[in-house]
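1. Make a model of this:
(one chain, ligands or ions: 1)
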Amino acid sequence: MSKLKTITMEWTGSSLILVDQRYLPLEEIYVTCKTYKEVAVAIKDMVVRGAPAIGASAAFGYVLGIKEFMGTENFDEKMKNVKETLANTRPTAVNLFWALDRMEKKFKEIKNEKNLIELIEKEALNIAYEDIEANKAMGKFGGELLNDGDTVLTHCNAGALATVDYGTALGVIRGARELGKNIKVYADETRPYLQGARLTVWELYKDGFDVTLISDNMAGWVMKQGKINAVIVGADRIAANGDVANKIGTYSVAVLAKKHGIPFYVAAPLSTIDLNTPTGEEIPIEERSHKEVRYCHKSKMVPEEIKVYNPAFDVTPNELVTAIITEKGVVKSPYIENLKKLFEK
Ligand SMILES: CSC[C@H]1O[C@H](OP(=O)(O)O)[C@H](O)[C@@H]1O
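-> The predicted model follows:
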């Protein structure tokens, strides 16, 4: 009997089953992770991706580490290694580190309890279900910002597949519909990994939304033509001053939105806000394999002798952000520059 089952992941109590997002939308293949190392590989190889989804997956990976090492010598030391192995998978999404810190804190509180496994599993399940609730709360707050008949542009995939379920940016689009508003979507394909073309379009089409796929270089022109009423994206890490790290190409979309007087909204749970990172300058930007750029649709486009640069994220400065939508409410410019207040309520 599954204890959690969504479009993104299933926790059976002894394994984490992930839809392999590298093969969507053409094939629905699943990866079953029975060890923390298998979860680490799944995160690094982007079987599962998206800040909240990565965090929740790592939390269940931590549980698998407990189950593997409980009752063995140097248990504490081994659990430090489990955390480090999972933390070393990808550097930008702060949810990964937030989730692992929360699991380790819980472990230190309960490690001598007889029902340790039950209690640590409950913490991972809490992280997962809290994410879904946060997304639905953001959906309501963000849905109120959109107007009936709006057309929204989004970049990458900040949908159910990037979270435990429902999504952050796509959660706002879902929330607006639940408020009775008719919302159309333009989705950037999001080179090089094509999360928009492969995941966002698939998610929204399956949910009955009017979604149009565009290549990334078309975003400016559709804005210039007056087709876009708002931009909404997710985030991987938001610095204390409101600078936003998100999928590469987000910064360009934010500059274009500013130029065309279009509101630029970021939807992210508090677990994506990192008060320990003062500004976007300090956010580590993951660089991924040249192969993701060199190859497109599994066929080589560019010979090996050509240099490739593949930053997976960029940083949008706070002055380009109209509002940040969280599960605790909407923070509008200029209050974005001091997100610490969100945690004081
Ligand atoms: C709701 S977080 C989604 C966020 O994560 C994506 O990155 P990746 O697919 O590389 O994990 C992208 O930045 C999305 O906006």
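2. Tell me how this protein divides into domains.
-> Here the domain parsing of the chain from the TED database is 4-134, 140-342.
3. now those domains as TSV including mean pLDDT and mean neighbour count?
-> In short, each C-beta sits where N, CA and C put it, glycine included. As requested, the domains of the chain are exported to TSV (pLDDT from 0 to 100; neighbours: other CB atoms under 10 Å):
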stretch	mean pLDDT	mean neighbour count
domain 4-134	98	19
domain 140-342	96	20
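4. Dump these into CSV; add distance to the ligand as well.
-> As requested, those are exported to CSV (distance: least, CB to the nearest ligand atom, whole Å):
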stretch, distance to the ligand
domain 4-134, 3
domain 140-342, 3
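5. Need the three-state assignment for Val152.
-> For Val152, the assignment made with DSSP: H, G, I helix; E, B strand; the rest coil gives strand.
6. So it is in contact with Lys181, correct?
-> No: using CB atoms under 8 Å, Val152 is not in contact with Lys181; the gap is 10.5 Å.
7. Common neighbours of these two, please.
-> Common neighbours of Val152 and Lys181, using CB atoms under 8 Å, 6 or more residues apart in numbering, are Leu146.
8. Correct me if wrong: His260 contacts Gln225.
-> No: counting by CB under 8 Å, His260 stays clear of Gln225, with 9.8 Å between them.
9. Output the contacting helices and strands for the helix or strand containing Ala245.
-> Following DSSP states H and E, one finds Ala245 within strand 244-247. Strand 244-247 is packed against strand 237-239, strand 313-316, with contacts defined by 3 or more CB pairs under 8 Å, 6 or more residues apart in numbering; DSSP states H and E.
10. Distance from the chain centre to the shortest one, please.
-> Centroid separation between strand 237-239 and its chain, computed with CA atoms, centre = their mean, to the nearest Å, is 12 Å.
11. And for the longest one?
-> How far strand 313-316 lies from its chain's middle: 14 Å, per CA atoms, centre = their mean.
12. Renumber starting at 427 from here on
-> Yep, numbering from 427; the last one is strand 739-742 now.
13. Partner strands of that strand and their direction?
-> strand 670-673 (antiparallel) (DSSP bridges).
14. same check, this time on the shortest one
-> Strands adjacent to strand 663-665 in the sheet, as given by DSSP bridges, are strand 670-673 (antiparallel), strand 699-700 (parallel).
15. Show me the contact partners of it.
-> Counting by CB under 8 Å, 6+ apart, 477, 518-520, 670-671, 692, 694, 698-700, 703-706, 708-709, 750, 765 sit against strand 663-665.
16. How about stretch 498-514?
-> Counting by CB under 8 Å, 6+ apart, 462-463, 465-466, 469, 484, 487-488, 491-492, 495, 522-523, 526, 529-530, 533, 537 sit against stretch 498-514.
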